[in-house]
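sharing a sequence plus its predicted fold:
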Amino acid sequence: MVMSVRKVVLSLGLAVGATLAIGAHAQNAASGPGSAPPLPVQKNSCHLQGGALVCEGAATAEVAGAAGTPLAMAQKTKVGTLVNPYQAKEDAHDQALADEGHKLFEGFGCPGCHGDGGGGGMCPPITNGVWIYGDADDTLFRLVALGSVDLQKEGFSRKAIENIVAPMPSFGTIITKPDDLWKVISWVKIQAYENTHKK
Ligand code: HEC
């Protein structure tokens, strides 16, 4: 059976939603209400199924984010106005910042789709200097927090096409602190710089 592109996206959405429901339940049972959950190690991955790319990860941002999460921040802040507080350290290619960001990147399960170095796998590379929606910090924060489906609803569209075209899931409540997301973005930027400027 040959699947149409539309069906691929649809089946992806279903797989993705089911995974989140299970993950959220397990996490609540483990940590109990009120207590800060440990950094969740997400099991995200994409695989080929009947010729279609199927990704399992976080759901798209249907529900309003809990106050203070990256999702809530992306939803309530005017497009173009999110600023990375680590910009100065990022510009200086601060190694401690990069290491911290990379650890978080691994803890949130991003490598399951993008590879541990961000060079891609079943999903597009994120450290090759080709930016699908652009490299503005505001855009990258929104992309990871909202997911690409909701990002596009905010008026963003793909400027570049990489080897794989698929939706990016929302991580805006899985990553609970905007600060952590900024550190991840700084690592992505520093890594991309190194990949494009070093031989
Ligand atoms: C389930 C698979 C999956 C997971 C897990 C995932 N991503 Fe993605 N990501 C994608 C896909 C697919 C795209 C391309 C989106 C598009 O083309 O609209 C993407 C795009 C991106 C981009 C833009 C890349 C570019 O070249 O412009 C960044 C940055 C990114 N992801 C960061 C992350 C981070 C950080 C995490 C972990 C918090 C993460 N991703 C987890 C699938 C995933």
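Great, that's in hand.

name the residues of the protein found near the ligand, please.
Taking CB under 6 Å from any ligand atom as the contact definition, the chain meets the ligand at 44, 46, 55, 57, 105, 108-110, 112-114, 123-124, 126, 130-133, 140, 143-144, 148, 158, 162, 165-169, 171, 184, 188. In this view, the C-beta of every residue, glycine as well, is placed from N, C-alpha and C.

list only those of the residues you listed flagged as buried.
Listed as buried from the residues of the chain next to the ligand are 44, 46, 55, 57, 105, 108-110, 112-114, 123-124, 126, 130-133, 140, 143-144, 148, 162, 166-169, 171, 184, 188; burial here means 16 or more other CB atoms under 10 Å.

quick one: which of those residues sit in helices?
Within these, residues falling in helices by DSSP state H are 105, 112-114, 140, 143-144, 148, 184, 188.

which of these sit farthest apart?
Largest separation among these by CB to CB: 112 and 140, giving 18.8 Å.

list the contacts of residue 119.
If a contact means CB atoms under 8 Å, 6 or more residues apart in numbering, then residue 119 has 125, 127-128, 195 as its contacts.

where does it fall, helix, sheet strand or coil?
Taking DSSP: H, G, I helix; E, B strand; the rest coil as the rule, one finds residue 119 in the coil state.

shift numbering so it begins at 11
All right, first residue 11 from here; so that's residue 129.

can you check the pLDDT for residue 175?
Residue 175 is assigned 82 on the pLDDT scale.

same question for residue 126.
Residue 126 carries a pLDDT value of 94.

cool, residue 105 as well?
At residue 105, pLDDT is 97.

ok, the one 4 residues further on next?
What the model reports as pLDDT for residue 109 is 98.
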